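Asks: what shape does this take:
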Amino acid sequence: MKREIGVIVNCVLCDSYFVVVINVVDLSNYSGKKGKDLLLNSYEKQQQQLNPSHPIFLRCPHCLELIHSMSYSNWLQSDADCLLSVCRYLSFAENEGPALYLDHREDENKKPKWKLCQGLGPPALDLDSSRSGKIHKPTLKQYGITAPIFKPAPSCQSSELLYILETTQQFVNKLPQEDVPTAFTILLENKPLYQNWNKVQEKVELIVLDISDLSIDD
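Replies: As a prediction, the model looks like this:
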């Protein structure tokens with residue numbers, strides 16, 4: 001019996017949360033106590049490979065919907081560009097790896113049923129109706145994640161959001177590898193970047209390479 005393994009991802013740009021599939025496991029290969037021990041060991045190894053303090057570039061469903069002005073399902077059927085947002089794997093505690101989830105649905109045509117299989121996190125994840133993997137935020141409330149999903153002001157143009165997305169991506173890519181964690185912390189402190197762009201805009205646009213000078217005024 002094959003099951004997908006997923007992890008929660010948080011977008012730094014729009015501050016939405018969604019599940020991405022990182023692997024597939026065949027549970028029939030892990031029967032008995034020895035098999036269960038091997039499966040747990042496999043989960044732990046996969047968890048250790050996910051660094052929540054380092055940025056990753058992924059397709060964020062909410063960013064796609066905002067920038068392309070269409071639903072995620074319509075985007076899948078369109079020729080619109082696939083945009084990669086600066087994101088992070090979500091960890092619910094310091095020094096803890098991201099929680100892993102197993103999809104327990106029996107019918108692939110139905111919404112995934114993500115249940116915790118490794119680590120610290122909600123026992124189950126409630127997804128919204130978009131079929132994009134976006135998590136219904138009340139699911140994360142017990143861990144202090146209560147902010148409403150980002151909605152741009154009526155005067156905001158999609159081109160403005162696209163500029164922020166692309167500029168932030170370039171910023172992360174151009175930084176020396178050893179400086180990325182410090183710079184990424186600053187971005188995390190100001191998410192959603194779409195909303196707080198004025199706080200980091202100058203530093204990001206200058207592509208600051210001297211991390212000792214990378215400070216944001218209140």
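
Asks: alpha carbons only for contacts and neighbour counts from here, please
Replies: Will do.

Asks: the residue nearest to residue 191 when sequence neighbours are not counted: neighbour count?
Replies: With Cα to Cα, 6 or more residues apart in numbering as the criterion, residue 191 has its nearest non-adjacent residue at 5.4 Å, and that residue is residue 12. Neighbours of residue 12 under the rule other Cα atoms under 10 Å: 25.

Asks: likewise for residue 85?
Replies: As a burial measure, residue 85 scores 27 neighbours (other Cα under 10 Å).

Asks: with residue 103 instead?
Replies: For residue 103, the neighbour count with other Cα under 10 Å is 22.

Asks: was I right to think it contacts residue 111?
Replies: No - using Cα atoms under 8 Å as the test, residue 103 is too far from residue 111 to be in contact (9.5 Å).

Asks: tell me the strands in the chain, going along the chain?
Replies: In the chain, the strands defined using DSSP state E lie at 2-11, 17-26, 56-58, 85-89, 100-103, 114-118, 124-125.

Asks: quick one, the fourth one and strand 17-26 angle?
Replies: It stands for strand 85-89. 60 degrees (axes from the mean of the first three to the mean of the last three Cα atoms, to 10 degrees).

Asks: run the angle between strand 85-89 and strand 2-11 for me.
Replies: 120 degrees.

Asks: packing partners of strand 85-89?
Replies: The contact analysis (3 or more Cα pairs under 8 Å, 6 or more residues apart in numbering; DSSP states H and E) places strand 85-89 against strand 2-11, strand 56-58, helix 158-174.

Asks: okay, now the sheet partners of it, with direction.
Replies: Strand pairing for strand 85-89, using DSSP bridges, gives strand 2-11 (antiparallel), strand 56-58 (antiparallel).
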